[in-house]
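Asks: Quick one: sequence and predicted model below, then my questions.
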Amino acid sequence: MATLPDASRTAGRATISQRTLRTDKWWLQPLITVIVLVSFVIYSTWRAFSNANYFYEPLISPFYSPCLATSCVEGSTNFTPFGGWWILSPALIILIIPLGFRMTCYYYRKAYYRSFWQSPPACAVSEPHKKYTGETREPLILQNFHRYFFYLGLLLNIVLTYDAIIAFRNHDGEWFHMSVGTVVLLANATLLWMYSLSCHSCRHALGGRLKHFSKHPVRYKFWTVVSRLNTRHPMFAWLSLFGVALADFYVMLVAQGTIQNLYFF
Amino acid sequence: MSEIERHSYDVVIIGAGGAGLRAAIEARSHGLRTAIITKSLFGKAHTVMAEGGIAASMGNVNSNDGWQVHYRDTMRGGKFLNHYRMAELHAKESPDRVWELEAWGALFDRTADGKISQRNFGGHEYPRLAHVGDRTGLELIRTLQQKIVSLQQDDFKEFGDYEARIRVFAECAITDLFFEGEGDGRRVAGAFGYWRETGNFLAFEAPAVVIATGGIGKSFKVTSNSWEYTGDGHALALRSGSTLVNMEFVQFHPTGMVWPPSVKGILVTESVRGDGGVLTNSEGRRFMFDYIPDVFKAQYAETEEEGDRWYTDPENNRRPPELLPRDEVARAINSEVKAGRGSPHGGVFLDVSKRLPADVIKAKLPSMWHQFKELADVDITLEPMEVGPTCHYVMGGVEVEPDTGAAARVPGLFAAGEAAGGMHGSNRLGGNSLSDLLVFGRRAGLGAALYAQAVASETGAGRPALPDAVVEAAAAKALEPFSRQGGENAFTIQRDLQQVMNDLVGIIRTETELVDAIASLAGFRERVAQVTVEGGRVFNPGWHLALDLPNLLTVSECIAGAALVRQESRGGHTREDFPGMNPEWRRFNLICELVDGNVGVYKQDLPTMPDDLISLFEVAELKKYLTEDEISRLPEGIQR
Amino acid sequence: MTYTASMRVWRGDDEGGELVDYEVEVNEGEVVLDIVHRLQATQAGDLAVRWNCKAGKCGSCSAEINGKPRLMCLTRMNTFGEDEVVTITPLRAFPVIRDLVTDVSFNYEKAREVPSFTPPVGLEPGDYRMTQVDVSRSQEFRKCIECFLCQNTCHAIRDHEENKKEFAGPRFLMRVAELDMHPLDTLDRKELAQDELGLGYCNITKCCTEVCPEHIKITDNALIPLKERVADVKYDPIRWLGSKIRKRDGL
């Protein structure tokens, strides 16, 4: 239990010594968040640094796409602006974007402020910090750049959608085939689109910033659709996170030969 | 005794509901220093409970509407007992009062062409109620509150002080008014009160006081009114030597919640019926078709089919009888329950679930949906509500001069809103309350401002001086409950008083019961005089109620007294022993006054409607209300 | 259906206080406020409680019930077990006056810091035209009954008294959003929201939304859109450049 706020901070308030009088399991939600996010970070760090088993024609792991360095395994890329000087795992170049997008996401902010930073751990449960400035100054004021990560994320979504489309080929590059890997990459791309489109910045850009919806009927229509998706933004945030990890995991299993990429036709 | 705070204002307004705030805005706009005093926090007044809308003949939905039509509806609703001039001012000015709210930031629901949308309501011929979902009262109070804040911001820019010219004394109650002069020269000099928060006293020096304290609903056990409605303003006016009019007329809203017991009385908005809800009894019958009185036969549907068609085609069909004025519906429900055709918890059924799709119900009646879901665990999109009459509004109030809101007999005293009487006659139409607050709130604020300016120019800007002895006497009186021993708890007395009023002076009245009630109320005087309080002065609800109780008792005596005298049934006054309206009685108002501490009731002629107004009606209709003698003296030119 | 409940009520004032245990009768369908009233009428005549409408419309009876900020009139007793101790405490973010009543004047002071609705010059009352789609967003925020539960719950001030000076709280930032979305308001309060009213203190942890008895989506519909609008003018160089070139306002 955290120490009690000192008297000067609570002048004149009712003297109640408990940190909270909540009787429900308020600590459960932040605990789950920590466990899931930490697991993901461990897995993704390991995979990002492993620099292996991310490509098996025609499947590429979303952690490594687009692969932008010459060190990328053959066939995984034909666009390498980072050339040969990049000696680390090529995943680290591209993962900046989803990392930035999710770190600045309005939903993930809530999730990690509550669970990791305990600010607050749950409603009406006092936080352990002596001072709080929120997002008023560096570095957290940079959260306001969320929209730029959103735009970059859209580009990435296009690439990953392209990856899913080229997965309609067989191992020899022939079109009009479909495998479990195709489904996995399609599902991943779809979830990422849902996550991006339900984003608060997207909602704002498409119509939220307007003062008069009535003068912009088409953007209003977009806004209403995105607003509906937006209410499920947290769900898409988690599903797409699992989706990315599962897609990578599947490609890894295939690439290292643990399983066969089963083709339907 | 602790120090008594002294304040000096041009206008003191008691009450921060719609009428009080609108009066304050007007007085402040005339440059006067204005105090607003409220028993609650700023913005919590009972006005927030108003759901349906503000009646104003803007004609946005049906362009046939106009002030004359609104006037006619109001007079019919009040059974022609309204003060004609008040009804006239109200009908003419309410559109401006609504539009002005919009300029202060109110966001009403809109029509397709961007105007303020208007909805149907009981007794109104055309869709007339400007509304915001079913939370119009909240919008009204918040808009006025924010307008006052904006005036304070102006003052801050000008004087560096938000409260330079308008200050809200929140959680502060007034217990006495002060006067100066004798005989004909006697006039208001200020007010005395206490902070609920600390129990400390304050005295206001002010030439003009506006009473905007709302109603008296806490006299009754089953009521939609909050604890504040203890008739403070009514009683203050009486004790000042002013008079009350029409106190026998108490509106029982036909649809209050009846279950669970703890929410009994909480309002179910009339919009439920306006939007298609129907009333049925335990046999499933839409019983309202059996209760259309003769005076309304022409305007209401005779078959369910016609009534149902009206919702989509009001031009060619008559409205369903569920939308009769409130007194009619309340009596009908009362009769059904007495005849054994009530719902399990002693009400009748009000059903929208079979009439509208669930999403429409949630969009049109959001707070009703929440209210039933959260308070009664009933989903109104799936099952009917159980409803029954609940004390909702008092038509009676301080007798005022219509144009200025000046209270009878006492210079410097003004009244507006529910605390004032005359506007609604024997029965108020839904939606006419919010417009009443705005129209007469403004007029009373203006009247008080002009009066205060006149006094200032006469006395050279000096404010009335309050002698210490007078102020200290008021303080001593307020502290009496602490010094007494062995009396009863104020809550117990209030509960017993409410029971007496509910049982004997309720929706249906009769001579023997009224006589019992009056005797019984006399017995309460001693109990109220002996009430004792435990604890200290800091935020002590027991003490607060002890100070409100004499007010509650006084207004209860007025209601019972006037109800006994009026030997007919009209609007919010139903006598089992005198059923039906009697045109002879329409010629009189009953006036209550306080004589040596006792409530007296006397008859007073109703002001005569001028020719231009009475000509708005057809003789055939007037014959239902007026005596033969009055009919024979109608002006030429009126349609016969 | 009647049973005896164990209630624990905070009694005291600004000099101190404690939780006091009571045994009190509960009947079917009752809410916490009924029980508090029964205590008042039978066992504790001077128990201070603020309330008005008892129908969830006025926002007066805010308190904390089993640690959760709620309206007492909207908290049904049957949501607790019959053997559960129900604890009622005053709002914790504001100074206590006595028992369950707190001094909420902070909120009224903050209300004055938001510049009022500013219609176009020359637009006469009666000539206002607004479409329903343009007013719906602000109408949601105007459902606010000013119970101040959001203000009380927000950790930025609940846990940090010192931030009260800088931070107006969710209710009044929502008011800024309401005016910014009002189709006929002409004043730009975005810089003010960030620089004076402390929008940056909001870390969108959504407790305001969680406790709102009116179910207003304060965070998603008011605070985040306001943050985005502020970003448009303060943290988006591309948009800033665009606005300099194209001079479009009053979208």
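Replies: Perfect, I can see it now.

Asks: I'd say B:R165 and B:S29 touch.
Replies: No: B:R165 is beyond contact range of B:S29, at 9.8 Å (criterion: CB atoms under 8 Å). To be clear about C-beta, it is placed using only N, CA and C from the backbone, and glycine gets the same treatment.

Asks: Need the pLDDT of B:R640.
Replies: B:R640 is assigned a pLDDT of 54 by the prediction.

Asks: next one: B:M1
Replies: If you check B:M1, the pLDDT there is 48.

Asks: Enumerate the residues of the stretch 151-265 of chain A near chain C.
Replies: Residues of the stretch 151-265 of chain A lying close to chain C (CB under 8 Å from any CB of the partner chain) are A:200-201, A:203-204, A:208-216, A:220, A:230-231.

Asks: Repeat the analysis, applying 7 Å as the threshold.
Replies: Taking CB under 7 Å from any CB of the partner chain as the contact definition, the stretch 151-265 of chain A meets chain C at A:200-201, A:204, A:208-214, A:220, A:230.

Asks: Show the contacting residues for residue 140.
Replies: No chain specified, so I'll use chain A. A:G134 (CB atoms under 7 Å, 6 or more residues apart in numbering or on different chains).

Asks: Oops, wrong one, chain C.
Replies: Applying CB under 7 Å, 6+ apart to C:E140 gives the contacts C:216, C:221.

Asks: secondary structure class for it?
Replies: helix (DSSP: H, G, I helix; E, B strand; the rest coil).

Asks: mind checking how far it is from A:R19?
Replies: 33 Å (CB to CB, to the nearest Å).

Asks: A helix includes B:R167, no?
Replies: No: using three-state DSSP, the secondary structure at B:R167 is strand, not a helix.

Asks: nearest spatial neighbour of it, skipping sequence neighbours?
Replies: Closest residue in space to B:R167, ignoring its immediate chain neighbours: B:A35 at 5.6 Å, by CB to CB, 6 or more residues apart in numbering or on different chains.

Asks: Correct me if wrong: the one you found contacts B:F204.
Replies: Yes: between B:A35 and B:F204 there is a contact at 6.3 Å, judged by CB atoms under 7 Å.

Asks: any common contacting residues for the two?
Replies: With CB under 7 Å, 6+ apart as the test, B:A35 and B:F204 both reach B:7, B:9, B:12.

Asks: can you tell me which of these are in helices?
Replies: Taking DSSP state H, every one of the shared contacts of B:A35 and B:F204 sits outside helices.

Asks: Just want the most central residue of chain B.
Replies: Geometric centre of chain B, nearest residue: B:E418, 3.1 Å, by CA atoms, centre = their mean.

Asks: right, and that residue touches B:G215 too?
Replies: Yes: counting by CB under 7 Å, B:E418 sits close enough to B:G215 to count as a contact (4.4 Å).

Asks: so what sits against both of these two?
Replies: With CB under 7 Å, 6+ apart as the test, B:E418 and B:G215 both reach B:393-394.

Asks: Strands of the stretch 101-250 of chain B, start to end?
Replies: Ranges of strands within the stretch 101-250 of chain B are B:118-119, B:129-130, B:166-169, B:172-180, B:187-195, B:201-205, B:208-211, B:244-245, B:250-257, based on DSSP state E, counting those that start in this stretch.

Asks: Tell me which residues are up against the first one.
Replies: In this structure, residues lying in contact with strand B:118-119 by CB under 7 Å, 6+ apart are B:53, B:58, B:60-61, B:127-131, B:271, B:274.

Asks: Could you dump those residues into a markdown table with neighbour count added?
Replies: Shown next, in a markdown table, are the contacts of strand B:118-119 (neighbours: other CB atoms under 10 Å in any protein chain shown):
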| residue | neighbour count |
| --- | --- |
| B:G53 | 36 |
| B:M58 | 22 |
| B:N60 | 22 |
| B:V61 | 18 |
| B:P127 | 21 |
| B:R128 | 30 |
| B:L129 | 28 |
| B:A130 | 32 |
| B:H131 | 27 |
| B:S271 | 28 |
| B:G274 | 26 |
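
Asks: for the chain, what are the low-confidence residue spans?
Replies: Because you didn't say which chain, this covers chain A. For chain A, the stretches with pLDDT under 70 are A:1-10.

Asks: I was thinking of chain C, sorry if that wasn't clear
Replies: Regions of chain C meeting the criterion pLDDT under 70 cover residues C:247-251.

Asks: Please name the nearest non-neighbouring residue to whatever residue of it ends up closest to chain B.
Replies: With CB to the nearest CB as the measure, C:G29 is the residue of chain C nearest to chain B, at 2.0 Å. Closest residue to C:G29 apart from its sequence neighbours, by CB to CB, 6+ apart: B:P260 at 2.0 Å.
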